[in-house]
Structures are given as C-alpha cells and as structure tokens.
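In: Fold the following, please.
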Amino acid sequence: MLNSDGGDSVVLGFHHHPRRKRKPLSVEHRAKISAAKKGRPRTPGTRTKIRAAKKGRPQTLETRAKISAAKKGRPLSPETRAKISAGLKGKPKSVEARAKMSAAKKGRPLSPETRAKISAGLKGKPKSVEARAKMSAAKKGKPLRPEHRAKIGAALRGKPLSPERRVKISAALKGKPVSPERRAKMSAFWKGKPKSLEHRAEMSAAAKERWAARKKASPAQANPAEGMSAPHETRLPAV
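Out: Here you go, the predicted structure:
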C-alpha cells in the first residue's frame with residue numbers, strides 16, 4: 001500500500017494468504033468424526049446448513065447404500081412422515097423407482113390402518129384401462145379367502161349392474177362348470193324370490209338356445225323317441 005510520501009506502508013496485523021484447498025480426510029479420520037458425532041442432536045440451524053450445502057449434489061451408489069443401511073429398522077416419527085409425503089407430492093416417479101418400490105413391498109403384510117388409508121385415498125379416483133388390465137392380470141388364478149369373498153359380496157349387494165357389466169359377467173362364466181356346492185347355494189339363494197318378467201324372458205331364451213344347441217349336436221339324444229325302433233307286432237297262432 002502506497003503512502004502519501006510515495007513510500008510503502010505496512011498495515012500491522014493484516015496478512016493476506018491465498019486460499020488453501022483442504023486436504024481430503026482419510027477413512028480413519030472420517031470414522032473418528034462419525035463416531036464422535038453419533039447420538040448428538042443437531043440444531044435446526046445446523047440441519048438447514050447441511051441441507052443447503054447438499055442440494056444439487058448427486059450422491060454415489062455407495063453413499064446411497066450406506067444411508068439406506070443406516071436408516072433400516074428405524075421407525076419414522078409422524079412429523080418426518082408428513083414432511084416426506086409433502087416433499088414427494090406431485091413429483092412423478094420413474095419406471096425404475098416404481099419397480100424398486102414394488103419389489104421392496106412384495107410379501108409385506110399391510111396393517112389395517114394402512115389398508116384404510118389406501119382405500120380412502122383411492123376412493124372416487126377413476127382407474128385407466130391399463131391399470132385395470134394390470135390389476136386383472138395380477139389377480140388371475142389367485143384364490144380368494146372366505147373373508148375376502150364375504151366383503152366383496154357385502155359391498156356389491158344392492159348395487160344394480162349395468163347392461164355392459166352383465167354381458168361381461170355372462171361371457172366370463174360361459175363354459176365354466178358349476179360345482180354341486182355352488183349350485184346348492186344358488187338354489188337356496190333364489191328360493192322364494194319372485195322373478196321379474198324380463199328375467200323370466202331371459203331365462204326362457206337361454207333355455208331355448210341350450211336346447212337348440214343340444215338338438216343340433218345330437219338329434220337322437222334330443223329326441224329319444226325318434227331313435228327308438230318300432231315295437232314288434234305280436235301275431236297270434238292260426239287256429
């Protein structure tokens with residue numbers, strides 16, 4: 001710094017050094033720092049600074065694996081769950097993320113509270129054709145428990161079926177053999193219940209179709225009288 005006299009003046013107590021790069025910490029040093037900080041709660045200010053410093057920095061696969069292993073088995077508080085839910089709302093998930101979430105949740109039984117929340121969240125939301133096809137393919141061949149059947153029956157009782165729905169159910173049931181137990185239950189259910197004129201007409205038309213198909217397939221079986229041979233005439237001996 002130049003003085004008014006043209007000479008140099010030195011400001012005492014001020015030394016300017018170039019900024020030095022911090023040396024990378026060794027693995028042992030990092031382990032010691034981690035062990036020393038374990039169990040110490042962080043202040044809100046420290047949490048905010050750490051969050052701001054890490055924003056935008058991509059994490060390596062090793063770091064992600066360590067974070068996942070460290071958090072496994074730790075229950076989340078309701079506040080943390082609410083923050084995670086608010087942060088993920090509206091963000092679309094990639095196909096890989098969906099596949100990982102599906103694989104992680106497979107085989108885990110859901111609690112009644114979780115089931116109730118899922119049911120309340122999905123009520124009133126229309127499902128796409130692709131979603132319906134995936135659900136149908138996933139449930140095909142899986143036997144339903146008696147409790148599950150009872151719940152489905154109780155939920156569907158009293159709800160009128162649309163003509164399209166009736167046609168689909170009829171097409172799906174055609175050709176499937178009915179067990180004796182199922183027949184007995186259906187018979188006991190319909191006993192004493194009056195049938196409407198439309199229902200009677202539909203039953204009559206269906207029975208006529210079945211009889212026509214049976215007659216076409218085996219005429220002799222449909223008309224057994226025609227297939228029988230004529231009786232032999234009995235002749236009396238001449239006197």
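In: Centroid-nearest residue for this protein?
Out: M135 (7.4 Å; C-alpha atoms, centre = their mean).
In: Where is the longest helix in the chain?
Out: helix 197-217 (DSSP state H).
In: give me the element the residue nearest to the centre of the chain is part of.
Out: M135 belongs to helix 129-139 when assigned by DSSP states H and E.
In: what's the answer for T63, then?
Out: helix 61-71.
In: the helices in this structure, which residues?
Out: 27-37, 44-54, 61-71, 78-88, 95-105, 112-122, 129-139, 146-156, 163-173, 180-190, 197-217, 219-222, 224-227.
In: before we move on, the earlier item: buried ones in the helix holding T63?
Out: Within helix 61-71, no residue qualifies as buried by neighbour count (16 or more other C-beta atoms under 10 Å). For every residue, glycine as well, the C-beta is placed using N, CA and C.
In: In this structure, where is pLDDT below threshold?
Out: 1-20, 219-239 (pLDDT under 70).
In: cutoff 50 now
Out: Scanning the chain for pLDDT under 50 picks out 1-2, 7, 9-10, 239.
In: one step back: now distance to K21 too, for the helices of the chain, in CSV please.
Out: As requested, the helices of the chain are exported to CSV (distance: least, C-beta to C-beta, whole Å):
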stretch, distance to K21
helix 27-37, 16
helix 44-54, 17
helix 61-71, 22
helix 78-88, 34
helix 95-105, 36
helix 112-122, 50
helix 129-139, 53
helix 146-156, 64
helix 163-173, 70
helix 180-190, 79
helix 197-217, 86
helix 219-222, 97
helix 224-227, 103
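In: that older thread, what's the longest helix of the chain packed up against?
Out: helix 219-222 (3 or more C-beta pairs under 8 Å, 6 or more residues apart in numbering; DSSP states H and E).
In: List the contacts of the helix holding M135.
Out: Helix 129-139 is contacted from outside by K127, using C-beta atoms under 8 Å, 6 or more residues apart in numbering.
In: ditto for stretch 71-87
Out: Residues from elsewhere that reach stretch 71-87, judged by C-beta under 8 Å, 6+ apart: none at all.
In: swap in stretch 111-119?
Out: Contacts of stretch 111-119 (C-beta under 8 Å, 6+ apart): L110.
In: what comes up buried for that stretch?
Out: Buried residues in stretch 111-119 (16+ other C-beta under 10 Å): none.
In: Output that stretch as CSV, nothing but the C-alphas.
Out: Output in CSV follows, covering the C-alpha atoms of stretch 111-119 (Å, rounded to 0.1, in the frame of the first residue of the first chain):
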residue,chain,number,x,y,z
SER,A,111,-51.8,-53.2,8.7
PRO,A,112,-55.5,-52.3,8.9
GLU,A,113,-54.6,-48.7,9.3
THR,A,114,-52.6,-48.7,6.1
ARG,A,115,-55.3,-50.5,4.2
ALA,A,116,-57.9,-48.0,5.4
LYS,A,117,-55.7,-45.1,4.3
ILE,A,118,-55.1,-46.6,0.8
SER,A,119,-58.8,-47.3,0.4
